[in-house]
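Novice: coordinates only, no sequence provided:
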């Protein structure tokens, strides 16, 4: 019996350790405020990715919001003051009283109300337990985790899918799986994917992986991003941050000022960049400089929010408003022909207006600015084909783009599907069947997409 009490006392002491340790050790500061802020901002990044996945936000809209959240996330890394210092709480005497009270009180209660003399029932005698249903499983993984798992399985079966690796990198990043995201970018680069946007995304994952520190590898990625696109604002921001972290506050101020000059005056990023400049100026012992003026406020994207606003107007006024917005965007692009996103917005706007020839012209400008970016061509193809009736012929310029992508990325699923349609409509059923057979090999066997492709193949004749 005494051995039992000794054992119970030891167990009680272990259970009380979380209460006793604060009383036995010296006080220390409460975790920094930035730790709590980082949790909030990373949750906001996940929510932003879910909004994009549900098509509540466009990729363009999400990019600005993502950058702002990431700026605040990194700003939280610089907060050094603790929320508050913990009060001096070291008290061995109080700890001893708690132990005696807890152990003695529990023993007394058990002695008076329990049944220490009744022997335990051996497990072998509990036959009824064997037939009981197992306990309910906890709630399943969230949708994003399931999507990541499915994507990992697809990539294991087809590791040469560059787009799949990029999607995996972005999904893993949104879940704060920095190591997996970095590894996925490595696979995509090895398969030939590159470009300023991808290098900036890769560098960003390296920074987050290093808890906000711009590592040499991340620095190299941002430099590569700027070589591809000198206006890459994400890369500019992190290089300025790197200068500040390496003890070069004046250089950081210079790069931040250059970034301010390249972004619109109404950008929400300006406030955060201004704070970074103030911090760098203080570190250098300099007066706060006047912030550089930015570019004129960006016009509203004519194929999203403004289009929705125009949809509530009478038909005549609606057409006039849309035409006016599109005209302003087209005029601006004549003076700023290097704006890839602007040309893409103009192309989508012309598609909404039903002018696919002008849309194709706008998309051609975007493609010319980034000839190695397959994604630009795929977006252009999607834009030119959107809204077509099932029996309508594919626009010739969309077919030209499909042929271009076929030369660069011959196994792109979207290209295989549409080129199969082109071959079938041109009375080349054998070619159509070859395209769709290759496409089937990339799709889940029992998925809806596979059923659609098999149905299309079944409608072929003479093949």
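Specialist: Received the coordinates, thanks. Keep in mind it's a predicted model, so treat the numbers as computed, not measured.
Novice: neighbours of residue 432, how many?
Specialist: When neighbours are defined as other Cβ atoms under 10 Å, residue 432 has 23 of them. From N, CA and C alone the C-beta is placed, and that goes for glycine too.
Novice: I'd guess it is in a strand, am I close?
Specialist: No. Counting by DSSP: H, G, I helix; E, B strand; the rest coil, residue 432 is not found in a strand; it is helix.
Novice: mind checking how far it is from residue 153?
Specialist: Using Cβ to Cβ, to the nearest Å, we find residue 432 at a distance of 29 Å from residue 153.
Novice: pretty sure residue 278 is touching residue 286, no?
Specialist: No. Using Cβ atoms under 8 Å, residue 278 is not in contact with residue 286; the gap is 10.2 Å.
Novice: need the helix or strand of the chain with the lowest average pLDDT.
Specialist: Ranking every helix and strand in the chain by mean pLDDT, DSSP states H and E puts helix 127-130 at the bottom, with a mean of 36.
Novice: ok, then the element right after that helix?
Specialist: Note on helix 127-130: by DSSP states H and E, the next helix or strand toward the C-terminus is helix 143-157.
Novice: report the buried residues of that next one.
Specialist: For helix 143-157, the buried set under the neighbour-count rule, 16 or more other Cβ atoms under 10 Å, comprises 144, 147-148, 151-152, 154-155.
Novice: next one: stretch 398-417
Specialist: Buried residues in stretch 398-417, counted by 16+ other Cβ under 10 Å: 398-399, 401-402, 404-406, 409, 411-417.
Novice: grab the nearest non-local neighbour of residue 357.
Specialist: Of all residues not flanking residue 357 in the chain, residue 397 sits nearest, at 7.7 Å (Cβ to Cβ, 6 or more residues apart in numbering).
Novice: contacting residues around the residue lying closest to residue 359 once chain neighbours are set aside?
Specialist: In space, and not counting its chain neighbours, residue 359 is closest to residue 350: 3.7 Å by Cβ to Cβ, 6+ apart. By Cβ atoms under 8 Å, 6 or more residues apart in numbering, residue 350 lies in contact with 326, 356, 358-359, 362.
Novice: can you check residue 180 too?
Specialist: Contact analysis of residue 180 by Cβ under 8 Å, 6+ apart lists 168-169, 172.
Novice: the nearest residue to residue 425 once chain neighbours are set aside sits in which helix or strand?
Specialist: In this structure, residue 425 finds its nearest non-sequential neighbour in residue 393, 6.8 Å apart by Cβ to Cβ, 6+ apart. Using DSSP H and E, residue 393 falls within no helix or strand.
Novice: burial count for residue 393?
Specialist: Neighbour count of residue 393, defined by other Cβ under 10 Å: 12.
Novice: can you tell me how far it is from residue 263?
Specialist: Distance of residue 393 to residue 263, computed by Cβ to Cβ: 42 Å.
Novice: just residue 459 next, same as before
Specialist: Distance, residue 459 to residue 263, using Cβ to Cβ: 51 Å.
Novice: and these two? Which one has more around it.
Specialist: residue 263 (22 against 10).
Novice: residue contacts, the spatially closest residue to that one that is not a sequence neighbour?
Specialist: Nearest residue to residue 263 in three dimensions, chain neighbours excluded: residue 294, at 5.1 Å (Cβ to Cβ, 6+ apart). Going by Cβ under 8 Å, 6+ apart, residue 294 touches 260-265, 267, 270.
Novice: and for residue 15?
Specialist: For residue 15, the contact set (Cβ under 8 Å, 6+ apart) is empty.
Novice: check residue 257 too.
Specialist: The contact partners of residue 257, by Cβ under 8 Å, 6+ apart, come to 277, 289, 291-292.
Novice: then residue 196?
Specialist: When contacts are counted by Cβ under 8 Å, 6+ apart, residue 196 is found next to 224-229, 232, 235.
Novice: what about it, distance to residue 234?
Specialist: Residue 196 sits 9 Å away from residue 234 when distances are taken as Cβ to Cβ.
Novice: still on that earlier bit, quick one: mean pLDDT over whatever helix or strand the residue nearest to residue 359 lives in.
Specialist: Applying DSSP H and E as the criterion places residue 350 in helix 340-353. Taken as a whole, helix 340-353 has a mean pLDDT of 83.
Novice: that one: what's the following helix or strand?
Specialist: The helix or strand immediately downstream of helix 340-353 is helix 356-369, counting by DSSP H and E.
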